[in-house]
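Novice: mind looking at a prediction? Sequence and model below.
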Amino acid sequence: MFLTRSEYDRGVNTFSPEGRLFQVEYAMEAVKLGTTTIGIQSKEGIVLVAERRAVSRLLSIDSMKKISKIDNHIVAASAGLIADARTWVDRARTESQDYFFTYGQRIGIGHVTMKVSEIALHFGDDESTIRLGRPFGVAMLFAGVDHTGTALYHLDPSGTYIRCIAKAIGAGGDGAEQALIEHCKECDKKMTLAQAQKVALTTLKQLMEEKISNKNVEIVIIKPEMEDGEMTGKITWLNEEEIGQALVGLE
């Protein structure tokens, strides 16, 4: 006897006859409840731009961080449930440190993304092991510099990760993707960091419900540099004054 739609909804590990996992699809919808985050890889480095939104005037917007440092050469930007994002960030930090202590080298951006993707699929209702009873309601952009150069990866609740040259996640993700497709062709080969930053901010400005300002936007720049003969990344968080200057003259 076939199960009904609602019964497939409750089964986090059960495929529907159409080959769908509804709980994973719902988790992807949860990502769209988060604020918009945009990442662009240019020929000079990577820029991450994220909207910060305080749900109450009683909250300090400074505590609403969307971009987290994983290691000296990696950052991660999230959209979706904050608690789930913190779990992924903690796992990424642990994997990065373990890799360094084991091999004496900095972990690759793709490798750390792969390790986090393993817990993205570690959910279910098996009482024999401790695991989350539902998929993670978060998507993440991992950006940094490793031996291959600059790299930008996207990881979603299904555990799928892919390397990108530009990507947008969150509430305005779909709309931002259309703008990125138009403006970011071969941006990793032709676009400067300043141009990438302008495209990201212009796109975000068009999608935000609130007026964009240096208070509700977070910007991180990652540039490749050599350290002890090894390629690594220099990570810079722009302060409010620098963000204000970047917002001047946006269309």
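Specialist: Received, thanks. Residues are numbered from 1 along each chain as shown.
Novice: got the end-to-end distance for stretch 69-89?
Specialist: When the termini of stretch 69-89 are compared using C-alpha to C-alpha, to the nearest Å, they are 8 Å apart.
Novice: for residue 223, what are its contacts?
Specialist: 44, 45, 145, 193, 233, 234, 236 (C-beta atoms under 8 Å, 6 or more residues apart in numbering). To be clear about C-beta, it is placed using only N, CA and C from the backbone, and glycine gets the same treatment.
Novice: name the helix or strand for it, please.
Specialist: If you go by DSSP states H and E, residue 223 is part of strand 217-227.
Novice: ranges for the strands of the stretch 101-250 of the chain?
Specialist: In order along the chain, the stretch 101-250 of the chain carries the following strands (DSSP state E, counting those that start in this stretch): 138-146, 149-155, 161-164, 166-169, 217-227, 230-237.
Novice: same list, these, but as TSV with distance to residue 82 and mean pLDDT please.
Specialist: Putting the strands of the stretch 101-250 of the chain into TSV (distance: least, C-beta to C-beta, whole Å; pLDDT from 0 to 100) gives the following:
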stretch	distance to residue 82	mean pLDDT
strand 138-146	8	97
strand 149-155	16	96
strand 161-164	21	97
strand 166-169	14	98
strand 217-227	14	92
strand 230-237	19	87
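Novice: wait, which of those strands is closest to residue 65?
Specialist: Ranking the strands of the stretch 101-250 of the chain by their distance to residue 65 (criterion: C-beta to C-beta) puts strand 217-227 first, at 7.0 Å.
Novice: so for the closest one, what gets flagged as buried?
Specialist: When burial is assessed from 16 or more other C-beta atoms under 10 Å, strand 217-227 yields the following buried residues: 217, 218, 219, 220, 221, 222, 223, 224.
Novice: just checking: what are the partner strands of that strand?
Specialist: The sheet places strand 217-227 alongside strand 46-51 (antiparallel), strand 230-237 (antiparallel), with pairing taken from DSSP bridges.
Novice: so which of those strands comes closest to residue 172?
Specialist: For those, proximity to residue 172 was assessed by C-beta to C-beta; strand 46-51 is nearest, at 8.0 Å.
Novice: quick one: the closest one to chain centroid distance?
Specialist: Relative to its parent chain, strand 46-51 has a centroid offset of 9 Å by C-alpha atoms, centre = their mean, to the nearest Å.
Novice: make a PyMOL selection of the buried ones in the contacts of residue 223.
Specialist: A single PyMOL command is used to select the members of those judged buried by 16+ other C-beta under 10 Å:
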select buried, resi 44+45+145+193+233
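Novice: next, format the contacts of residue 223 as CSV and append distance to residue 171.
Specialist: Formatted as CSV, the contacts of residue 223 follow (distance: C-beta to C-beta, whole Å):
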residue, distance to residue 171
44, 29
45, 26
145, 29
193, 26
233, 28
234, 30
236, 26
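Novice: out of the contacts of residue 223, who's nearest residue 199?
Specialist: Using C-beta to C-beta, residue 193 is the member of the contacts of residue 223 that sits closest to residue 199, with 10.8 Å.
Novice: which residues touch that closest one?
Specialist: Contacts here follow C-beta under 8 Å, 6+ apart; on that basis residue 193 touches 42, 44, 45, 47, 221, 223.
Novice: follow-up on the earlier one: how about the strands of the stretch 101-250 of the chain, which one is nearest residue 63?
Specialist: When the strands of the stretch 101-250 of the chain are compared by C-beta to C-beta, strand 217-227 sits nearest residue 63, at 12.0 Å.
Novice: pLDDT averaged over the lengthiest helix in the chain - what is it?
Specialist: Secondary structure assigned by DSSP state H gives helix 82-103 as the longest helix of the chain. Taken as a whole, helix 82-103 carries a mean pLDDT of 96.
Novice: quick one: that helix to strand 138-146, angle?
Specialist: Angle of helix 82-103 versus strand 138-146, following axes from the mean of the first three to the mean of the last three C-alpha atoms, to 10 degrees, is 30 degrees.
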